[in-house]
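In: Quick one, structure for this:
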Amino acid sequence: MEPVAERRPRKDAARNREAVLAAADELFARCESPEAVTMADIAAAAGVGKATLFRGFGDRTGLIHALYEARLEPVRGAIEEGPPPLGPGTPPMRRVPALLDAVLCFKLDNRHLALALESAGTGSPYQAAHYERWHRTLQAVLEQIAGLDEPAFTAHALLAATRADLVEHLAGHERLPREQLRAQLAVYTARVLGSPVPQG
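Out: A predicted model of the protein is given here:
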């Protein structure tokens, strides 16, 4: 049996991690700008020391990435193992628009978090792990569409319509309604794929 003294620190660490993620989630949801949320703010809101944050997440980018992954887990599960239209058994011409709609809805629901993640890296955003995963998934589905040229480029072009900064501009500054954004993305995707344009 594991000694009590060893179990307690692990439970404390797990509890602290959950508290930090919950605090960061709330702060990013309320903030005017993602850059305004600091590690000190998150530590104070979670009731832990800054050292706990750095031990658990490495740095601010690591914390943002961990929160993003936690929020994304249900979507990833639906894509990898779920039923149509997101799941792997869906015909590609139906699955591509569903994947893009899922990306858009996720970013609409997590606007400031998505912005924080896309602006947190120091290199190209197109080399970030989260972007590469979306691109790889979408490209694999596009490759199943007969007659479609350049699936890798097409995946980039389609994902560009869901960039967090564009979503923020359209939803936050132009104040376009959620359903209008989803409908416009569906029409754009259909035109890129050469499929019938969905009727509103």
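In: Can you name the element that comes right after the lowest-mean-pLDDT helix or strand in the chain?
Out: Here the helix or strand of the chain ranked lowest by mean pLDDT, DSSP states H and E is helix 4-30, holding a mean of 78. Heading C-terminal from helix 4-30, the first helix or strand you meet, by DSSP states H and E, is helix 39-46.
In: which parts of that following helix are buried?
Out: Met39, Ile42, Ala43, Ala45, Ala46 (16 or more other C-beta atoms under 10 Å). For glycine as for every other residue, the C-beta is placed from the backbone atoms N, C-alpha and C.
In: what's in contact with the next helix or strand after it?
Out: The helix or strand immediately downstream of helix 39-46 is helix 50-57, counting by DSSP H and E. The contact list for helix 50-57 (C-beta atoms under 8 Å, 6 or more residues apart in numbering) reads Ala13, Asn16, Arg17, Val20, Met39, Ala40, Ile42, Ala43, Ala46, Leu63, Ala66.
In: For helix 50-57, list every residue counted as buried.
Out: Thr52, Leu53, Gly56, Phe57.
In: what angle do the helix or strand just after that helix and helix 4-30 make?
Out: As assigned by DSSP H and E, the chain's next helix or strand after helix 50-57 is helix 60-81. Orientation of helix 60-81 against helix 4-30 (axes from the mean of the first three to the mean of the last three C-alpha atoms, to 10 degrees) gives an angle of 90 degrees.
In: could you say what helices and strands helix 60-81 packs with?
Out: helix 4-30, helix 39-46, helix 50-57, helix 92-109, helix 111-120, helix 129-142 (3 or more C-beta pairs under 8 Å, 6 or more residues apart in numbering; DSSP states H and E).
In: most packed of these?
Out: helix 111-120 (a mean of 22; mean count of other C-beta atoms under 10 Å).
In: follow-up on the earlier one: and the helices and strands packed on helix 60-81: which comes nearest His173?
Out: Ranking those by proximity to His173 (C-beta to C-beta) places helix 111-120 first, at 11.6 Å.
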